[in-house]
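> One predicted model, sequence on top.
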Amino acid sequence: MATGTFAQFERQMLAEGFDEVLARSWPADAVIAPHTHPFAVRARVVDGEMWLTLGPETRYLTIGDEFALARDEAHAERYGPRGATYWVARKT
């Protein structure tokens, strides 16, 4: 699945009112316990794979998949054997 370029993603997210856009990379097999953020998120996976848990539901995400989180929405993350990189837009 095509992911476009970071510059394209950044332009689109800033135009939609997000405050900042950055790339985040996580190491192989990392597990992030349930937590929240004081900002809303929209992200696109551009390398690797991850599992995102929101309440009772876990989504498997790979290259080209997108996800969104509301401000203060509890979630947990788990990354695959190659880790993962995603582009993330944040809105306070």
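Received it, and whenever you're ready, just let me know what you need.
> buried set for the lengthiest strand in the chain?
Using DSSP state E to define each element, the chain has its longest strand at strand 75-91. By neighbour count on 16 or more other C-beta atoms under 10 Å, the buried set for strand 75-91 is 75, 77-80, 83-90. In short, each C-beta sits where N, CA and C put it, glycine included.
> Make a markdown table from those residues and add pLDDT and distance to Pro38 to it.
Listed next are the buried residues of strand 75-91 as a markdown table, based on pLDDT from 0 to 100; distance: C-beta to C-beta, whole Å:
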| residue | pLDDT | distance to Pro38 |
| --- | --- | --- |
| His75 | 98 | 14 |
| Glu77 | 98 | 17 |
| Arg78 | 98 | 22 |
| Tyr79 | 98 | 23 |
| Gly80 | 96 | 28 |
| Gly83 | 97 | 25 |
| Ala84 | 98 | 23 |
| Thr85 | 97 | 23 |
| Tyr86 | 97 | 19 |
| Trp87 | 98 | 20 |
| Val88 | 98 | 14 |
| Ala89 | 98 | 15 |
| Arg90 | 98 | 9 |
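> closest to Gly55 among those?
Nearest to Gly55 among the buried residues of strand 75-91 is His75, at 8.6 Å by C-beta to C-beta.
> Who are the contact partners of that closest one?
Contacts for His75 (C-beta atoms under 8 Å, 6 or more residues apart in numbering) come out as 34-36, 52-54, 69.
> Report the beta-bridge partner residues of the nearest residue to Phe6 once chain neighbours are set aside.
Distances taken as C-beta to C-beta, 6 or more residues apart in numbering put Trp87 closest to Phe6, at 5.9 Å, once the chain neighbours are dropped. Trp87 has these beta-bridge partners by DSSP bridges: Ala23, Arg44.
> Roughly how far does Trp87 sit from Glu66?
9 Å (C-beta to C-beta, to the nearest Å).
> Next: Ala15.
Distance from Ala15 to Glu66, by C-beta to C-beta: 16 Å.
> Tell me which of those two has more neighbours.
Remark: of Ala15 and Glu66, Glu66 carries more neighbours, 13 against 8, as counted by other C-beta atoms under 10 Å.
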